[in-house]
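K.L.:
Sharing a model prediction with you, sequence too.
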Amino acid sequence: LITRPRRFGKTLNMSMLDCFFSNKYAARGDLFEGLGVWKEEKYRELQGKYPVIFLSFKDAHQTSWEAMYKSLCFTLREEFVRHRELLESDALNEYDRRFFQNITEDKAEITDYQYALGKLSAMLTTCYQSKTIIIIDEYDTPIQQGHLHHYYDEVIGFMRNLLSSALKDNENLEFGILTGIGSQRRVCSVD
């Protein structure tokens, strides 16, 4: 968990980590040539080796739970769409395909969305035979908005399940990185 003030470069760093680790950038080692990380062979071997889930809650500034829920679902749906190659994989079973399609076609239930990141990481691990990296930028924005606009209980319940399924006891997780602004006045706990 990386907490730093606004305009500190958190998102830029998360994008760089995505480019470094993601198998979608496997052929782009040239982006890191000449940098310190490229000098060590053990790090060069990690470049482009993992499926990466990368999403941001930066736009989650809704004033009601109903609007926030739609925003969270939209963000999750977009990440599933980014990994639509999974539907072409023979590694997924019919249940996984149906789950994937329910998310992308906006037919999923709230519980499906709450456990979507854990499920997506399992699908990616199955497909690519490699554990998944999960990067979540501005994880705390929905929680802060819930506090400000009086739907904290609803949003914290959703986010607790979402983050728990993705990061806690997830056997398909290589590692996870979260960024947030943090607050000296109020600490938001999702565990």
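P.N.:
Received it, and whenever you're ready, just let me know what you need.
K.L.:
When you work out contacts or count neighbours from here on, use the C-alpha atoms and nothing else.
P.N.:
Noted.
K.L.:
show me where pLDDT drops low in this protein?
P.N.:
Along the chain, segments meeting pLDDT under 70 span 1-9, 182-191.
K.L.:
what are the ranges of the strands in it?
P.N.:
2-3, 52-56, 132-137, 173-180 (DSSP state E).
K.L.:
Quickly compare these and say which is most buried.
P.N.:
Burial of the strands of the chain is given as mean neighbour count (mean count of other C-alpha atoms under 10 Å); strand 132-137 ranks first at a mean of 24.
K.L.:
For residue 33, which of the strands of the chain is the nearest?
P.N.:
For the strands of the chain, the distance to residue 33 is smallest for strand 52-56, at 21.2 Å, taking C-alpha to C-alpha.
K.L.:
Name every strand pairing with the closest one and say which way it goes.
P.N.:
According to DSSP bridges, strand 52-56 forms sheet pairs with strand 132-137 (parallel).
K.L.:
Run the angle between the strand it pairs with and strand 173-180 for me.
P.N.:
Angle, strand 132-137 to strand 173-180, by axes from the mean of the first three to the mean of the last three C-alpha atoms, to 10 degrees: 0 degrees.
K.L.:
so where's the longest helix in this protein?
P.N.:
Criterion DSSP state H: the longest helix present in the chain is helix 65-82.
K.L.:
how about it: buried residues?
P.N.:
Neighbour-count burial for helix 65-82 flags 65, 68, 69, 71, 72, 73, 74, 75, 76, 77, 79, 80 (criterion: 16 or more other C-alpha atoms under 10 Å).
K.L.:
Show me which of those is closest to residue 142.
P.N.:
residue 68 (7.3 Å).
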